[in-house]
Every structure is written in C-alpha cells, then in structure tokens.
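In: Take a look and give me a structure for this.
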Amino acid sequence: MAPAAQARSSRRPVDEGALDHVQARLRAASTAPWLHGEVARRMAERLPVIRLQPDRIIEWGAQLGGSGDALAARYPKAQITAVEADEVVAAVAAVAAATAQSSAKSWWSRLLPAGAARTALAESHVQASQCQLLWANMGLHGVIDPQASMRQWQQALAVDGFLMFSTLGPGSLQSLRDLYRRQGWPVPNAPFVDMHDLGDMLIEAGFADPVMDQETLTLTWADGAALLAELRQLGGNADPRRFPGLRTPRWRQQLITLLQDSAGGGDRVALEFEVVYGHAFRPPPRYKLAAETALPLADMRAMVRASRGKP
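Out: Alright, predicted model coming up:
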C-alpha cells in the first residue's frame, strides 16, 4: 500500500482534461515562449559547475523548452535527442531532424544552430541509461505527477549522469492571485510545487545529491492586454476551482483595467515568476541480493565500475 499512497501524494490538484488542452495548445505554437528561452540561458550558466562533459544528451520537452541554442553552444560535439510527450510532435521532429541541413522553415531547425547532431523520440521510446545529461527546461509544471516524470528521467540517465531542470514555483503570479482574491474571484492558476517538495521527490525517484535554488523574475508589459496575451503563451488555468465556463469580453476588459490600475501610476504593468532550478545525479544502483537476482547489464557494469573506484 505504501508505494500507491506515495504516488498519489505526488500528483498535483489539477483538472487533467484542462491541462491536456493547455499543453496541446502550447505545442501548436511555432516557437517556445520567450521566458522559456531566458530561463534556458540562465540554467546553462549553471553548467560549468558540472565536471562531466556529456556526449549523449536528452532534451526533455524540446519544443517548449527553447533550449537548443544554449545546449549546442555548451556541448557542440554532443548528440542531442529531443524527447516529446506527444507522439505526433516527436515524429515531426524526427523527420525535421533528418533534413535539418536543408530545411530552415520548421520549428525544429529554429531551435538549434546548423550542424548540431539531433535526433528525436517520443517518451515511450526512450531507453534506459540512454544519456549522460537529461535537460528539462520549464516543463515540469505542465505535468500532473512531477515525481512520475522524475522516475522517467532517472531511468533514462546513465549511472553518474546528471539532471538539470527548471520549473515554475509557488511564488509565481502572486500579484495576479492577490488581484483575483480582492475581487472574490476563483484562483487564476493551478498551484505550483514548492522547491523543497521537488527536492524530496528527486530523492524518492532515485536521484542523489539534489541541489535546489530559485529566483524571481519580474516581467513588465506596456499594458494589461499585452500581459494577458503573453500569459496565454505560457499556459492556462487548469485548477478545478477556476471559473466555470468562458468569461465575457466585458469581464476581460475589467481584468485589463484592474491590471493597469495595479501599476500604481507607473507606465508598465508587472508580473512575477518564481523559477525553480534543480540538478541531481543518478547514483550507482543498489539491489537486494537473493539466491537468484536479475539486473540490467548496464547496471551491472556500473556497479563493477563503482566498486573499482572508476568513473
């Protein structure tokens, strides 16, 4: 009973159908949101602390991650595999990757400089121990069960490989939530997972030495309408407690006016985003030995290397 209870506790309280709809809309966009690219740049600045120079990298959720340039610049000789949850997106990416040298029109070719080695897979086709670096930028807040994703990441990593990820934290959109609360409206967004809870999930998923930190980025816009337009590019409200049904144009104009008023006489309206960063390693596997024990060959080799003190 314990594993089942643990799995349930890691699920976010979101409307699964609404979240699927939001994710499908985001995947239909031609480019990743600007914020995702900025976070990718900032996360890449943390890579020099990692000694390992990976030659096999998985970019989890590449289309929305906006990380192609950052990864290719840091590891120009690495084989980078984009992994997508959606089978169709992965198939399109695989075809585009095969013809990237002659194509400049697909979203795929815009993600990475020419000449970088790329492949693409669906999540269901990722093999165990496939990469030495798993990079997942700004995607974890778009899943229902973050710990389930972490377990997938752990399996995809080779022993001693490392994970780098980013996601939105609970400090995001605080001023928008305050505005909704003052109006007596339902919440404007589903809750995000706290940094410390994410660290605990990493350990439970089999990672070692997790390091978590966060920063708050404040973005500004010329007016409330521009703010709402970009906020829609970043996601949508999948909280079960959200407004039932669609809002009217009159309500939307009221929201824009309230956002403009929140600027306090300033020229621009602002909204904050708490960005949580995490990295961790996959340690050598540990097995409880019985009279007869079966384990993957890759894990057996890793255990032998670890016992000899070799990398």
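In: For the rest of this, base every contact and every neighbour count on C-alpha atoms.
Out: OK.
In: end to end, how far does stretch 76-95 reach?
Out: 21 Å (Cα to Cα, to the nearest Å).
In: again, but for stretch 168-176
Out: Terminal residues of stretch 168-176 are spaced 15 Å apart (Cα to Cα).
In: what about the helices in the stretch 151-300 of the chain?
Out: Using DSSP state H, counting those that start in this stretch, the helices of the stretch 151-300 of the chain run over 174-183, 195-204, 224-234, 249-261, 297-307.
In: how about the strands in this structure?
Out: Taking DSSP state E to define them, one finds strands in the chain at 56-60, 79-84, 117-122, 131-137, 157-168, 208-221, 269-281.
In: Nearest approach to residue 20 belongs to which of those strands?
Out: For residue 20, the closest of the strands of the chain is strand 79-84, at 13.9 Å, according to Cα to Cα.
In: Which elements pack onto that closest one?
Out: If contacts are counted by 3 or more Cα pairs under 8 Å, 6 or more residues apart in numbering; DSSP states H and E, strand 79-84 sits against strand 56-60, helix 62-65, helix 87-98, strand 117-122.
In: And these: which comes nearest residue 234?
Out: Closest approach to residue 234 among the helices and strands packed on strand 79-84 is made by helix 62-65 (9.5 Å; Cα to Cα).
In: what pLDDT, on average, does the closest one get?
Out: For helix 62-65, the mean pLDDT works out to 94.
In: Now do the buried residues in it.
Out: Going by neighbour count (16 or more other Cα atoms under 10 Å), the buried part of helix 62-65 is 62-65.
In: other SSEs contacting that helix?
Out: If contacts are counted by 3+ Cα pairs under 8 Å, 6+ apart, helix 62-65 sits against helix 16-27, helix 34-44, strand 79-84, helix 107-111, strand 131-137.
In: Need the contact partners of it.
Out: 26-27, 31-33, 36-37, 40, 68, 82-84, 107-108, 111, 136-139 (Cα atoms under 8 Å, 6 or more residues apart in numbering).
In: And stretch 234-249, by the same measure?
Out: Contact with stretch 234-249 is made by 13-16, 18-19, 22-23, 26, 33, 185-191, as judged by Cα under 8 Å, 6+ apart.
In: Quick one, which of those residues are buried?
Out: 13-15, 19, 22-23, 26, 33, 187-191.
In: sorry, back to before: make CSV out of the helices and strands packed on helix 62-65 and add mean pLDDT.
Out: Output for those, formatted as CSV (pLDDT from 0 to 100):
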stretch, mean pLDDT
helix 16-27, 94
helix 34-44, 97
strand 79-84, 94
helix 107-111, 54
strand 131-137, 98
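In: could I get the helices of the stretch 151-300 of the chain as TSV with mean pLDDT?
Out: Conversion of these to TSV gives the following (pLDDT from 0 to 100):
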stretch	mean pLDDT
helix 174-183	97
helix 195-204	97
helix 224-234	96
helix 249-261	96
helix 297-307	54
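In: looking at those helices, which is closest to residue 158?
Out: In terms of Cα to Cα, the element of those nearest to residue 158 is helix 297-307, at 8.2 Å.
In: circling back: would TSV of the buried residues of helix 62-65 with distance to residue 181 be doable?
Out: Compiled in TSV, these are given as follows (distance: Cα to Cα, whole Å):
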residue	distance to residue 181
62	35
63	34
64	30
65	31
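In: before we move on, back to that, between which two of the buried ones among the contacts of stretch 234-249 is the distance greatest?
Out: Pairwise over the buried ones among the contacts of stretch 234-249, using Cα to Cα, the maximum falls at 13 and 33, 24.6 Å.
In: Distance check, residue 200 against residue 283.
Out: From residue 200 over to residue 283 the distance is 16 Å, taken as Cα to Cα.
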